[in-house]
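K.L.:
Sharing a sequence plus its predicted fold:
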Amino acid sequence: MSVGGSLSWRGRYDAALAEARRSGKDLLLILVRSRCDVCRELIRQIGKDPLTVRLLSRFFVPVIVTTDQRVGYPIELYYVREVPALFQVDARRELPRGSPCIGSGCAQTLRESLIRMAGRQREE
């Protein structure tokens, strides 16, 4: 699914999870609601920043899940009522890493987190 710039968002949780496990990456999951303007704007903001796109592709398999999606989405993992919600998910254990980021400010939060991850990787 090509939404928000050149980033290739996956549209199915189960397929993205399998890809993440094969590649050794984690999932970056955005939980959205259909017809949500704030959700669409967050996806657009993430996709328009070249540094975010590059680092996101390096560390994660990105997937968009809608709240009305029922196939392959373990809703019991994510007890969130507000959208958009952005999760970093440990693909091996299928558990969120920390609390989700909620709302329109997540694009900047994600960018900062990716920059820190890239810095730690250089230090190793």
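P.N.:
The structure has been received and is ready for your questions.
K.L.:
which residues in this protein form strands?
P.N.:
26-32, 60-66, 85-90, 95-96, 101-102 (DSSP state E).
K.L.:
How about residue 55, nearest residue that isn't a chain neighbour?
P.N.:
Closest residue to residue 55 apart from its sequence neighbours, by Cβ to Cβ, 6 or more residues apart in numbering: residue 114 at 3.8 Å. The C-beta positions use only the backbone N, C-alpha and C, and glycine is treated the same way.
K.L.:
Now do the same contact list for the one you found.
P.N.:
Contacts for residue 114 (Cβ atoms under 8 Å, 6 or more residues apart in numbering) come out as 51, 52, 55, 56, 59.
K.L.:
thinking again about what came up before, using CSV, lay out the strands of the chain together with distance to residue 118, mean neighbour count and mean pLDDT.
P.N.:
Below are those laid out as CSV (distance: least, Cβ to Cβ, whole Å; neighbours: other Cβ atoms under 10 Å; pLDDT from 0 to 100):
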stretch, distance to residue 118, mean neighbour count, mean pLDDT
strand 26-32, 14, 24, 92
strand 60-66, 12, 23, 92
strand 85-90, 14, 20, 91
strand 95-96, 21, 14, 84
strand 101-102, 18, 18, 92
